[in-house]
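In: I need the structure of the sequence given here:
(one chain, ligands or ions: 2)
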Amino acid sequence: MSKQFDVIVIGGGPGGYIAAIRAAQLGFNTACIDEWKNGKGGPAPGGTCTNVGCIPSKALLQSSEHFEHANKHFAEHGITATDVKMDVAKMLARKDGVVKQNNDGILYLFKKNKVSFFHGRGSFVKAAEGGYEIKVAGAAEETLVGKHIILATGSNARQLPGVPFDEETVLSNDGALRVGAVPKKLALIGSGVIGLEMGSVWRRLGADVTILEGLPTFLGAVDEQIAKEAKKAFDKQGLKVELGVKVGEVAKTQAGVTIDYTDAKGEAKKLEADKLIVSIGRVPNTIGLNAEAVGLKLDDRGAIVVDDECKTSLHNVWAVGDVVRGPMLAHKAEEEGVAVAERIAGQHGHVNFNTIPWVIYTSPEIAWVGRTEQQLKADGVKYKAGTFPFLANGRARALGDTTGMVKFLADATTDEILGVHIVGPMASELISEAVVAMEFKASAEDIARICHAHPSLSEATKEAALAVDKRTLNF
Ligand code: FAD
Ligand code: NAI
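Out: Ligands and ions are numbered 1, 2, ... in the order given. Sure, this is the predicted structure:
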């Protein structure tokens, strides 16, 4: 006899586990199926984000930043730190510990919210009376029937054609987070979010890092002024990024790997490295769902086709997160998960795509919300811009990190905030104020009139808002 549920979520990443918790909170009898295995074969819910994405990458970014500070910045505070060494194995073990805390936290949350968790692969069997029949293939086989199905099966790293990941020499994000010793020479293909974050980790630890990027512009989706400022900082750190390249043959050698490419001037070049990280985007994952059995519609990228409400082509089947259109971000997946659970309950779940923040956790951090200056120009919107450099911020000087700026873009007529862009210390935290402001349709003047604590980096946000009206107080 199959187990019956009101809601079955397939995938336990940020989209899926959050959807399951919200559905349970709303009173639905809910199951979540996730197949991720930890090193011992046990369950490791949390998806890409927890296991090989957001969380472990931030753990390594933190460790490597401490190392860089100890080596390069302690001295200016009067601290002598000689013979600073990085124990890579210990750093990786700490990262694994952080991941495990998050896995365990999710299992605890399932218990607390009475979500039934199934460890294994979930796939469609058929449309059944009262919903859909779902098979769980794991340590044990089970058949479940759910009235509503939420698909949250995430994404996988995209491979370079003909260059499969071996996770030893040619690494995806997974292998990039497990490199056991600092490579002398590290090559990356793709200077997007992963390229810059993982490139930063291993550069800080001493690797000679070169990133090959196909596009002629650096961080094309980022506001140009902010991207330029970030590039200046990365150049100074020695993080080499070659733009406008065309990658040719990638060959594994005894020593590591060679990458033939043509540079922006059309010159043929060869890059030799111990390891190669390929970070050229991710592809939606529907492998193993047996979507054909029920006729679930996918688009030509392999993403599950959904409408604005995350409804798929099938009645009562929903999909959220990386496996559908939109930015591949954990917080976007979570918001969709909550919204879908609420829609199933007849509520008006809502995700505002215009106020989803982006953060790149390099040093300096890069964070933004809303439209860039180049987008506003392309859209023919009349806007005012205001910037404030961290160089003129007291807290940034005290921290010893005055790189970058806060930039506001506001409507020329109404003063409504259209975009906020930050490059500099703690941009990841500062951006929240801008998100709140934009959600409430605040004007730049609203932020300029709000009292911000002194001394704090957030004063740079207030000053950038004042700059929109050309009346900064400290610059
Ligand atoms: P996933 O997290 O991919 O979860 C999907 C889950 O479903 C997985 O556990 C998978 O095993 C499971 N699954 C798939 N098919 C089945 C099946 N048939 N049966 C059972 N289980 C199945 N985003 C941010 O917002 N901030 C960051 O700092 C950030 N850093 C990142 C760093 C890296 C290196 C990478 C790779 C990604 C990062 N991301 C970050 C992106 C973020 O990880 C994803 O956007 C997010 O994980 C998507 O969540 P999801 O729930 O849609 O899918
Ligand atoms: P990405 O889309 O951010 O960057 C990929 C880069 O590779 C682009 O600049 C692209 O032009 C380049 N590229 C593509 N094909 C190429 C080729 N053949 N040769 C050379 N360059 C090529 O993708 P990335 O870095 O793999 O990350 C995937 C996604 O994961 C991100 O888009 C983001 O959604 C998510 N992520 C989010 C993070 C965060 O929020 N801090 C951190 C890491 C990942």
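
In: Chain neighbours aside, what residue packs nearest to the spatially most central residue of the chain?
Out: Computing the C-alpha centroid of the chain and ranking residues by C-alpha atoms, centre = their mean puts Leu329 first, at 4.7 Å. Among residues not flanking Leu329 along the chain, Ile356 sits closest, at 6.6 Å (C-beta to C-beta, 6 or more residues apart in numbering). For every residue, glycine as well, the C-beta is placed using N, CA and C.

In: Just give me the longest strand of this structure.
Out: Residue-count comparison of every strand in the chain, with assignments taken from DSSP state E, identifies strand 116-128 as the longest.

In: Distance from the chain centre to that one, please.
Out: Its chain's C-alpha centre lies 27 Å from the corresponding centre of strand 116-128 when counted by C-alpha atoms, centre = their mean, to the nearest Å.

In: hang on, the residue nearest to the centre of the chain packs against Val351?
Out: No. Contact status for Leu329 versus Val351: not in contact, 11.5 Å apart, counting by C-beta atoms under 8 Å.

In: residues in contact with the closest residue to ligand 1 within the stretch 151-300 of the chain?
Out: Using C-beta to the nearest ligand atom, the single residue of the stretch 151-300 of the chain nearest to ligand 1 is Gly154, 2.1 Å away. With contacts taken as C-beta atoms under 8 Å, 6 or more residues apart in numbering, Gly154 has the following neighbours: Gly11, Gly13, Gly15, Gly47, Thr48, Pro284, Asn285, Gly321, Asp322, Val323.

In: Kindly report the same for Ala157.
Out: Here Ala157 is in contact with Phe165, Ser172, Asn173, Asp174, Val278, Ser279, Arg282, Val283 (C-beta under 8 Å, 6+ apart).

In: For those, which two are the farthest from each other?
Out: Across the contacts of Ala157, the two members that end up farthest from each other (C-beta to C-beta) are Asp174 and Val283, 14.4 Å apart.

In: For the stretch 51-200 of the chain, what lies in contact range of ligand 1?
Out: Counting by C-beta under 6 Å from any ligand atom, the positions of the stretch 51-200 of the chain adjacent to ligand 1 are Gly53, Cys54, Ser57, Arg121, Gly122, Ser123, Ala152, Thr153, Gly154, Ser155, Asn173, Ile194.

In: I only care about the residues you listed that end up buried; give me the ChimeraX line for that.
Out: The following ChimeraX selection, which keeps only the buried ones among those, applies the criterion 16 or more other C-beta atoms under 10 Å:
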select :53,54,57,121,122,123,152,153,154,155,173,194
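
In: from the residues of the stretch 51-200 of the chain next to ligand 1, which is closest to ligand 2?
Out: After measuring these against ligand 2 - C-beta to the nearest ligand atom - the closest member comes out as Ile194, at 3.3 Å.

In: tally of neighbours for the nearest residue in space to the closest one that is not next to it in sequence?
Out: Computed as C-beta to C-beta, 6+ apart, the closest residue to Ile194 that is not its neighbour in sequence is Ser279, at 3.7 Å. By the other C-beta atoms under 10 Å criterion, the neighbourhood of Ser279 contains 24 residues.

In: got it, and Asn474?
Out: Taking other C-beta under 10 Å as the definition, Asn474 ends up with a neighbour count of 12.

In: Check it and give its pLDDT.
Out: Turning to Asn474, the model gives it a pLDDT of 97.

In: Kindly report the same for Ser200.
Out: pLDDT recorded at Ser200 is 98.

In: and the closest residue to it other than its chain neighbours, how many neighbours does it have?
Out: Leaving out its chain neighbours, the residue that sits closest to Ser200 by C-beta to C-beta, 6+ apart is Thr362, at 4.9 Å. The local packing count at Thr362 equals 22, with neighbours defined by other C-beta under 10 Å.
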